[in-house]
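> Below are the sequence and a predicted model; questions follow.
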Amino acid sequence: MTATPAAPVEAAAPLPRQIPYIIGNEACERFSFYGMRNILVEFLAASVLLAALPILDKQGYAKDIFHTFVIGVYFFPLLGGWLSDRFFGKYNTVLWFSLIYCAGHACLAMFEDSRSGFFTGLFLIALGSGGIKPLVVSFVGDQFDQTNKSRARVVFDAFYWIINFGSFFASLLMPLVLRNWGAAWAFGIPGILMFIATFIFWLGRRQYVNVPPSGPDPDSFLSVIRTALTRGGPGPGSVIAALAIFVATAMLLLWAIGASIWPTGWGFVITACLALGTLIGGVGWGASMQLERARGAHPDAAIEGVRAVLRILIVFALVTPFWSLFDQKASTWVLQGGEMVMPTFSSLPDGVAAFLRGWFASPSQMQALNPLFVMMLIPFNNIVLYPALRRFGFNPTPLRRMGWGIAFSAVAWVVAGAIQLQLDAGANLSIGWQTWPYLLLTLGEVLVSATALEFAYSQAPQAMKGVIMAFWYLTSTFGGLWVLLTNVSVRHPVVISWIKGQGWSENAFLMFFFAAFAAVAAMAFIAYARRYPVQDNYRQA
C-alpha cells in the first residue's frame, strides 16, 4: 500500500478553529496597547505631571519616560515566559496577566493628574502587556503540528496583520479623543478594549490546544548552563561567566551607593539593563565554550537545545539596534512632527477640507501610517515580491529578510535626518514629508518583526519556546536602552558643544547617529546569518 504523500495531507489540513479567538483577542489588545502608547509622549509633554519643567526638558523627559516604559514592556516577557513554561501554562498565564493589564488602564484613566497613580498604571500595563507578550505568539504556534504547519506561516502573517489593524485605528482615533475629550477618555477607551480582549480569549478556553508546562525540569536551559559552567572544575568559560556576574553586580552596587565613578545620568533602568546584558552575554558565551562538559549529565537533546538557543541569542542581539530606531517613531518622530506644518487640504472643496482638518489634527496620528503600510506590505510581499524574487533565483529566507529590514530602517532615519536639517534651517515643511521615512521604516519592520515571529518559534526547542520568545521581546528592551544611553550622552555639555560646533541640532545629529548604528548592525547581521544553522522545531502531530 502506497503511503499518502506528506505535502497533500498538509495542504488539505484545516485551519484550527480556535485561531479566531486568539486573533480577535490580539486585535482588541493591540488597539488597547497602541491606543495609549501612541499618545503617551504627546500627553506627557503637555500634562501637569511635568508642569514644572521648561518645554525642551518636558520633551526630553517625555521621551525618557516613554522609552523607560517600553523597556519595561519588553523586559517582563522574561517573567511571563518563565511562569508559563514552568508552572501555569500559556492559557492561565495570559489570562491572569491580562487582568493586571486591565487594572493598569484603569489607573491611567483615573489618575491623569497624579504622578504616583499614573506611573503605577504605566507599571501595571508594562507588567501585564509584557507578561503576555511572549505567550500569545507561541500559543498560536501550539495550535499547529507537522500536519498543518504550512498554515502557520499564513496565520503568523494574519496575526501580524491584525495587530496592525488594531494599531491603525488606535493611532488614528486616540489622538483625536485626547484632544477633544481629554485624557480620561483617551486612556479609558483602550482599557475597555483590553477588557473585551480578555473576554474573547476566555471564550475560546474549551477549544485551545494547551501544551502543559514543563514544571521543574532537571534538563532545563538554566540547568544545562549551570552544569556546563560548574562540572569538572573551573575552565575558561567559567572564568568568563564569573567575570560577567562580578561586573553586573558591581554595576548595580556602584549605582546603589552613588559612586563618583558611575555616570550620574545612568539611573536604575539603564544600570539594570546594562547589568542584565552583561550577565546574558558573559554567561552565555562562557557556557558555549564548555557546553560539552554537560554531556552525560543531561540528554543530548537538551544540550543541543541549549546550543540552538545560544545561537539564536546572537541573532537577537544583532536585531536590538533596529528596535532603537523603530520605537522612536512614537517619540522622536512625533516631536519632529510638532515642528512641521499640518495639512490644510486647501485643494479640496471647503466642506471636505474642513472635515479632514477636523480628523487630522495631531502629529501623533502620523503613526497610523505604520500599521496602514504594514497591512499593505504583508500581502504585497507574500503575493508579489517574494514569488518574484524566487523566480529570479533569490530565496528570501527569514534571516535574509531580517538583515535587509535592519538596512531599510537605517535608510528611513537618513530621510528623517534630512527632513530635520531642513526644519533646522527654517523651512516650513508639511508633515506629509514624514510619509517617506514611515514607509521605509515599515518595510524594515515587516521584514524584521513579522518574519521573526515565525523564525523565533520555529528555532526554539519545544521545552523552551516561551522563554526564547521572551528573549526575542527582550531585544526591544535593549533597543530602548540604546536610546536612553544615547540621549543621556548627548546631553553632556561637551557633546552638546561638539554637535553645535558642527552646525547641527541635537535632533539631526541623533537621527544620523541612529541611522549609522543600524547600518553597522545590518552588515553584522547579514554576515552572521550566512553561517546560522536553521532548525525546524514544530511539534509532531
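That came through fine.
> From Val446, how far out is the closest residue to Val374 other than its chain neighbours?
Spatial nearest neighbour of Val374, excluding adjacent residues (C-beta to C-beta, 6 or more residues apart in numbering): Asn164 at 4.0 Å. Where you see a C-beta, it was placed from the backbone N, CA and C, and this is true even at glycine. If you measure Asn164 against Val446 using C-beta to C-beta, to the nearest Å, the figure is 9 Å.
> between those two, what contacts are shared?
Val374 (C-beta atoms under 8 Å, 6 or more residues apart in numbering).
> Show me where the stretch 201-350 of the chain has its helices.
Applying DSSP state H, counting those that start in this stretch to the stretch 201-350 of the chain gives helices spanning 221-230, 236-257, 268-289, 300-326, 332-337, 350-359.
> Let's have the ones you listed in a markdown table, adding distance to Arg206.
Listed next are these as a markdown table, based on distance: least, C-beta to C-beta, whole Å:
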| stretch | distance to Arg206 |
| --- | --- |
| helix 221-230 | 32 |
| helix 236-257 | 45 |
| helix 268-289 | 39 |
| helix 300-326 | 32 |
| helix 332-337 | 43 |
| helix 350-359 | 42 |
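> Which of these comes out lowest on mean pLDDT?
Of all the helices of the stretch 201-350 of the chain, mean pLDDT reaches its minimum on helix 350-359 (a mean of 74).
> name the helices or strands packed onto the helix or strand following it?
Where DSSP states H and E defines the elements, the next helix or strand beyond helix 350-359 is helix 369-380. When contacts are defined as 3 or more C-beta pairs under 8 Å, 6 or more residues apart in numbering; DSSP states H and E, helix 369-380 packs onto helix 149-181, helix 435-445.
> CA atoms of helix 369-380 as CSV?
This file holds the C-alpha atoms of helix 369-380, laid out as CSV (Å, rounded to 0.1, in the frame of the first residue of the first chain):
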residue,chain,number,x,y,z
LEU,A,369,0.8,55.3,8.5
ASN,A,370,2.9,52.5,10.1
PRO,A,371,0.1,49.9,10.5
LEU,A,372,-1.6,51.0,7.3
PHE,A,373,1.6,50.3,5.4
VAL,A,374,2.0,47.0,7.2
MET,A,375,-1.4,45.8,6.1
MET,A,376,-0.5,46.7,2.5
LEU,A,377,3.1,45.4,2.5
ILE,A,378,2.5,42.0,4.1
PRO,A,379,0.1,40.8,1.3
PHE,A,380,2.3,42.6,-1.3
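> Now do the buried residues in it.
Neighbour counts over helix 369-380 (16 or more other C-beta atoms under 10 Å) mark 369-375, 377-378 as buried.
> contacting residues for the nearest residue to Tyr74 once chain neighbours are set aside?
Spatially, and ignoring its direct neighbours in sequence, Tyr74 is nearest to Ser476 (3.7 Å; C-beta to C-beta, 6+ apart). Contacts for Ser476 (C-beta under 8 Å, 6+ apart) come out as 70-71, 73-74, 320, 323, 327.
> try it again with 7 Å
The neighbours of Ser476, taking C-beta atoms under 7 Å, 6 or more residues apart in numbering as the test, are 70, 74, 323, 327.
> Leu15 too?
Residues near Leu15 by C-beta under 7 Å, 6+ apart: Arg151.
> Go again with 10 Å.
Counting by C-beta atoms under 10 Å, 6 or more residues apart in numbering, Leu15 touches 143-144, 148, 151-152, 154-155, 158.
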